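S.K.: no FASTA, just this:
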Ligand SMILES: Nc1ncnc2c1ncn2[C@@H]1O[C@H](COP(=O)(O)OP(=O)(O)OP(=O)(O)O)[C@@H](O)[C@H]1O
Ligand SMILES: Nc1ncnc2c1ncn2[C@@H]1O[C@H](COP(=O)(O)OP(=O)(O)OP(=O)(O)O)[C@@H](O)[C@H]1O
Ligand SMILES: [Mg+2]
Ligand SMILES: [Mg+2]
């Protein structure tokens, strides 16, 4: 697949446009778990408190629905409290769950450093941390291996460019959201290191902050200007913290008839979001399966509440999804 | 009730201090001062970025401020009459949601009609609450702001919902200018004319200047304000269509913060909080000052945090600059 | 509470005439009307949730509104004088950042001093821009809002940064009430007294009611407003410390939207946008109405989107309810 | 100690308003400051009171020049100003307004008791029974003026400046004010008194000072001057005190009020014919301004009816009244009439926008014609620039423009409340003539005034009201100062 032999360091190779032929795919961290629906009635009589990240975004929404589903099956009573990306709200939620004497907690909250206070304010019950560490009180970490997920995306993106384009591209646009805290750094940073492991140091990097949770309007406005500042650029690698900002980037490109120039690497895969998958250069997505988080969270939390052992890490089996393999993971994929 | 009737008349509650405050607090950058500022920006960025001065980029600037601009037009009318509408941001999201949900069900044309009706409906609701029920505009629109944002999330489930075949907003009918920019220009001209040349516009100024006096010269204040809120509602509708069509989809966070962006441009443009002064031209300049800045900084690849710092400082400097001019002028 | 009874006293006649509107804009729910409302909420939630009425939960409610409350106290002083401070939200974040960055370098005690100085500095800056340079408060604080949010992101890199050994805010000195709630109560009492009993407080009302009159009776308006902004700055400092301490960390988004939450409570509590009326008691009630609602709805496991809808509607209903009361009262 | 002013100059932007004022204000003397509207009186006293900064010249206290940086500084020197436009805090209580700016306090803590006590004391001085607990916003204009005056009497002062204090006062209230001024003089306080009512000058002043176009044109002891000479010095010509009576015999009845009753007045009936000017004369509490409010739809009738040109009209709002052909000049200039930030022209044509517009579109032509016409007829003192902000006109000139509104509207029925409030002698006659011309043009005019001069000068018929009832009806030559005051005074109890 490699036109010229790789020479010197990855960086040198990259600038030579060759790419690192023997780059290894990132190794999944320990603790990747399999999804398992909850046992009917297994949690009868239990109350679970669920501190949400932000119900205004699709990802947590998907998690929410999946957890509700599983709670339903298990016969658990679920109480949700939305932290709206704000740690002090999460703290209030914890206090409230303490007064409500819930039996177990699911905490999906952005500020890992605030976890200590939040743990302290909450009831002393088993805690499932979603996507973000909740030390010292977390019984298990459940969800995305953020860095790994990023690296997977970056690596495959790199592979694609190495094989198709000899690692040549005009710019690397990273649509981020500093508002979601270190998760942003883990995921987007992961993408970069994954990519660099194949195509060497990234050049012409454009980092764009798209506001709290990644907002379409902000992304679109800045993407438009960025594209203007990249006249004639025909290979613009575009990665984003969520799908909204990718849709926005596409809109920005569409309004300049430059949809062809965007090479999309996407975090998470929402089978409904056809705008993305029908784009000319949709490379692929790292699947997070938020719609199945409940199958990790609920059964394990119930076990923990009942005093049984649960693994400390219950990681989502991230998958690299492309148009070719999508049916394996989403049989009813409709785009 | 009779005793109360005189005092009300006799009391210069808000109105009387207004002109005084208008002079002392709410400074009114004359368009001149702001234009100088805008020019300075343009020169600076032309020097710093090779891409700034070309036509395509100016088209971007216009397009980027189109949605805020349409809302700012409505806000100008309201603020001149001493009223607010903070519900525009969530209104845009709700209009978009109605459109994308209705389109598959009833077809695009009807969906658009519904969406427009929704936007105007929001305006009517605000107008009703303010002029008939008599709740002050800030509380009312803070309320509807929350209500429609909430409804958008409840109904849309925070999802990003696409709409098919509704991409008029990315067309470029002529001079390579996309529809949103053209729509904004049309709206701006209409509102400018409305304020400058019509009796309705005049009465907006009168009401903003002194509602009691306005009433006593025969202006039906409630009706006019109701109309003003409806205009704002119409702007919500237009902005909602533009935003949805541009993105080809809508989501739970669509339009967040637009209300502040709009009001900022209007005030920067010289409309005073106490009403009765200012105009659409000022608002357009206000929009450009902010729009050019963010465009230029993005072209220079300045990271968005620094952009915020720059924008904030500039907002202050622009007005300070004008205050200075006024002082010098007066003591001259 | 003489100040809140005022607008009703001077309330207008007849259905819809516009001084009525002019009045209504400034007219506001008397504490009485709001208390009834609050009571209704309490009864409702007591019935619907077994956890609502216990002490621990009320402590939660108080603690949850502490930070907003401290800022609302400052906002009350300013708004009574007809001024705004929208920079409080980003101010809190910046104060927090200064603290967490300084602590490792210069040690906690000095860091706290620096943080407090920062908060007050923000107030001084706003005060300077508004009273000396003469930029209107909205533009000024919209500007500083952006500036300090931007600086927070630039310096803090949008990361959340922990601070060690600064956890006074999670202590529960007595009655199991955490420090933030106690601090809020103290601040509220201080501000209430300041407004009600001191010359400074009264001049805030005078300035808000009619700045020209205040000037003509020899009140040094600029100085007083400067002081008022400084007070708001002090509140920013306190809120910043509380927030950082109870979380043990600060982040780029800390405090987002606090300005609106504070102003909402103040306006709901009866301070009019045109100044000169209202008081701290009203603000406290306003805070409780919003705080109790969100607490109760969460206890009832109401989805946060629906909570927004409820809060928005309630805001409107609360004031509408009072308008109604006034009409009935008058025609009776 | 004497306050002297030397070579005082003041300009607003390019326009110089005061061209070097020299004036001595000896202690224990009442100095009347007179002058046409726009002569610079208010500007002068505002400089004296530290509210405007002079461009040149100085203020000298006991031979030593003093810098008066702001109002607070002036008050520090014992100089107090009761400004022409009411400047109070409408949302605060009477007591607080009386002590506004210097609340009685111990260590910064306001003493409520002292506050009310003090208010009570000064109000008693003015023999006013206003309840100190009431909200100022709920008071009549006259009562608010009293509160303003009361404020100036609080504490020690060396010089008190009254800028047209009686403009909104009833004769009785004015009399009490004079008594108070006597008291001040007796205490050695200097009183500077601005007015347009010459009779007051000879009643209370020791010295007369006339400003004309920003310079002192007359400065003499009262004993040495005559009304004629003062007027001469003010307007540069002598103004005959003529009466403006109906030219032709009045035509048919245009406005008829029958048995009108509200909470403020009872069973008021009168017809006004085309070409007739009817005077409604009454002091505070007489219900005269309330009758006017009823005519503009600001006040609902409990009983009785109103007919315009024989057609009964239900007036639920000002808009309806105006559509019915009624025009209304309200008593409170700043609060009820002025569109502060707008231009003179826009203010002038406010009620006529629609008529002067074409299909809702503003038409400049007719408007500027209207502006030029009334600017000249009413001799408005300004830069003669239609776009000049009306707020920058002097109080009296603002009044002229506001009257011009309704002259331009040429309403069938015109209700003028206190039409010459704050207007100088010369201009009064311009206004009377304009009103008369309007009547001769076929309008029915109602002049509702507490100033008998208005009624005597221009009314064919006059109703005198006392406590909400019509107590006398005089016509033709029966309309004299004596008949009016006797009828009104008859029912007044000390
Ligand atoms: N702030 C201002 N800006 C511009 N011109 C002003 C301003 N204030 C007053 N003037 C002008 O100065 C002149 C004098 O005004 P001033 O108010 O002193 O007159 P006055 O003697 O008080 O008249 P009146 O008897 O009507 O009160 C007027 O021509 C007025 O238009
Ligand atoms: N800096 C200014 N620029 C423009 N207009 C002003 C300014 N300062 C005052 N004015 C307006 O000029 C008018 C006359 O000056 P000023 O306000 O000092 O007198 P006033 O209190 O209105 O009453 P008076 O008729 O006695 O002057 C006022 O109506 C005021 O609103
Ligand atoms: Mg004057
Ligand atoms: Mg004047």
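M.R.: That came through fine. All values derive from a computational prediction rather than experimental measurement. Ligands and ions are numbered 1, 2, ... in the order given.

S.K.: near chain A at all, stretch B:253-260?
M.R.: Yes. Shown here: stretch B:253-260 in contact with chain A (CB under 8 Å from any CB of the partner chain) through B:253-256, B:258. The way it works is simple: take the backbone N, C-alpha and C, and place the C-beta from them, glycine included.

S.K.: likewise for stretch B:152-170?
M.R.: Yes. Using CB under 8 Å from any CB, we find that stretch B:152-170 touches chain A at B:153, B:157-160, B:162, B:167, B:169-170.

S.K.: buried sites along that stretch?
M.R.: Within stretch B:152-170, the residues that count as buried by 16 or more other CB atoms under 10 Å in any protein chain shown are B:152-154, B:156-163, B:166-170.

S.K.: now for these, which pair is the farthest apart?
M.R.: Largest separation among these by CB to CB: B:154 and B:170, giving 29.5 Å.

S.K.: kindly report the residues of chain D close to ligand 4.
M.R.: Proximity of chain D to ligand 4, by CB under 5 Å from the ion, involves residues D:42, D:394-395.

S.K.: swap in 6 Å and give it another go.
M.R.: Residues of chain D lying near ligand 4 by CB under 6 Å from the ion: D:42, D:84, D:394-395.

S.K.: what distance do you get for residue A:144 to residue B:35?
M.R.: Distance of residue A:144 to residue B:35, given as CB to CB, to the nearest Å: 51 Å.

S.K.: contacting residues for residue 87?
M.R.: You didn't say which chain, so I picked chain A. A:109-111, A:114, A:118, C:160, C:247, C:249, C:251, C:254 (CB atoms under 8 Å, 6 or more residues apart in numbering or on different chains).

S.K.: that's the wrong chain, I wanted chain B
M.R.: Neighbours of residue B:87 in contact, by CB under 8 Å, 6+ apart: B:122, B:126, B:141, B:144-145, B:148, B:236, B:259.

S.K.: what about 7 Å?
M.R.: B:122, B:126, B:141, B:144-145, B:148 (CB atoms under 7 Å, 6 or more residues apart in numbering or on different chains).

S.K.: in helices only, show me these.
M.R.: Cross-referencing the contacts of residue B:87 against helices under DSSP state H gives B:122, B:126, B:141, B:144-145, B:148.

S.K.: what's the burial count for residue 325?
M.R.: Answering for chain A, as no chain was given. 12 (other CB atoms under 10 Å in any protein chain shown).

S.K.: my question was about chain B, not that one.
M.R.: 16.

S.K.: that one: what's its closest spatial neighbour, skipping adjacent residues?
M.R.: residue B:33 (5.4 Å; CB to CB, 6 or more residues apart in numbering or on different chains).

S.K.: buried ones in the helix or strand harbouring that neighbour?
M.R.: Assessed by DSSP states H and E, residue B:33 sits inside helix B:31-48. For helix B:31-48, the neighbour count (16+ other CB under 10 Å) marks B:31, B:33-34, B:37-38, B:41-42, B:45 as buried.

S.K.: would you turn those into CSV with pLDDT?
M.R.: Listed next are the buried residues of helix B:31-48 as CSV, based on pLDDT from 0 to 100:
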residue, pLDDT
B:31, 68
B:33, 80
B:34, 84
B:37, 88
B:38, 92
B:41, 93
B:42, 95
B:45, 94
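
S.K.: let me know the closest of those to chain D.
M.R.: residue B:31 (15.1 Å; CB to the nearest CB).

S.K.: ok, which of the buried residues of helix B:31-48 also contact ligand 4?
M.R.: Within these, nothing lies near ligand 4 by CB under 6 Å from the ion.

S.K.: can you pull the pLDDT of residue D:12?
M.R.: What the model reports for residue D:12 is a pLDDT of 88.

S.K.: what's the local residue count around it?
M.R.: Should you count by other CB under 10 Å, residue D:12 turns out to have 13 residues around it.

S.K.: what pairs with it across the strands?
M.R.: residue D:15 (DSSP bridges).

S.K.: residue of the stretch 201-350 of chain D nearest ligand 3, please.
M.R.: Proximity of the stretch 201-350 of chain D to ligand 3 (CB to the ion) peaks at residue D:211, 10.2 Å away.

S.K.: who does that residue bridge with?
M.R.: residue D:35, residue D:216.

S.K.: residue D:37 is in contact with that one, correct?
M.R.: No. Residue D:211 lies out of contact with residue D:37 (CB atoms under 7 Å); the separation is 11.0 Å.

S.K.: more neighbours, those two?
M.R.: Each of residue D:211 and residue D:37 has its neighbours counted (other CB under 10 Å); residue D:211 has more, 26 against 23.

S.K.: could you list every residue that touches the more buried one?
M.R.: D:33, D:35, D:39-41, D:44.

S.K.: quick one: low-confidence parts of chain B?
M.R.: B:1-31, B:326-332 (pLDDT under 70).

S.K.: what parts of it come near chain A?
M.R.: B:51, B:56-57, B:60, B:63-64, B:153, B:157-160, B:162, B:170, B:178, B:246-249, B:251-256, B:295, B:298-299, B:301, B:303-305 (CB under 7 Å from any CB of the partner chain).

S.K.: again, 8 Å this time
M.R.: Residues of chain B lying near chain A (CB under 8 Å from any CB): B:49, B:51, B:56-57, B:60, B:63-64, B:67, B:153, B:157-160, B:162, B:167, B:169-170, B:178, B:243, B:246-249, B:251-256, B:258, B:294-295, B:298-299, B:301, B:303-305.

S.K.: from the residues you listed, list the buried ones, please.
M.R.: B:49, B:51, B:57, B:60, B:63-64, B:67, B:153, B:157-160, B:162, B:167, B:169-170, B:178, B:243, B:246-249, B:251-256, B:258, B:294-295, B:298-299, B:303-305.

S.K.: where does chain A have low pLDDT?
M.R.: A:1-18.

S.K.: ok, now the stretch 151-300 of chain D?
M.R.: In the stretch 151-300 of chain D, residues with pLDDT under 70: D:239-241.

S.K.: can you pull out the helices in the stretch 301-450 of chain D?
M.R.: Using DSSP state H, counting those that start in this stretch, the helices of the stretch 301-450 of chain D run over residues D:318-323, D:344-348, D:353-356, D:364-377, D:395-409, D:425-440.

S.K.: need the residues of the stretch 51-200 of chain B near chain C, please.
M.R.: B:82, B:129, B:131-140, B:142-151, B:153-154, B:158.

S.K.: which residues are in contact with the residue nearest to residue D:252 when sequence neighbours are not counted?
M.R.: Excluding its sequence neighbours, the residue lying closest to residue D:252 (CB to CB, 6+ apart) is residue D:274, at 5.9 Å. The contact partners of residue D:274, taken as CB under 8 Å, 6+ apart, are D:250-254, D:442-444.
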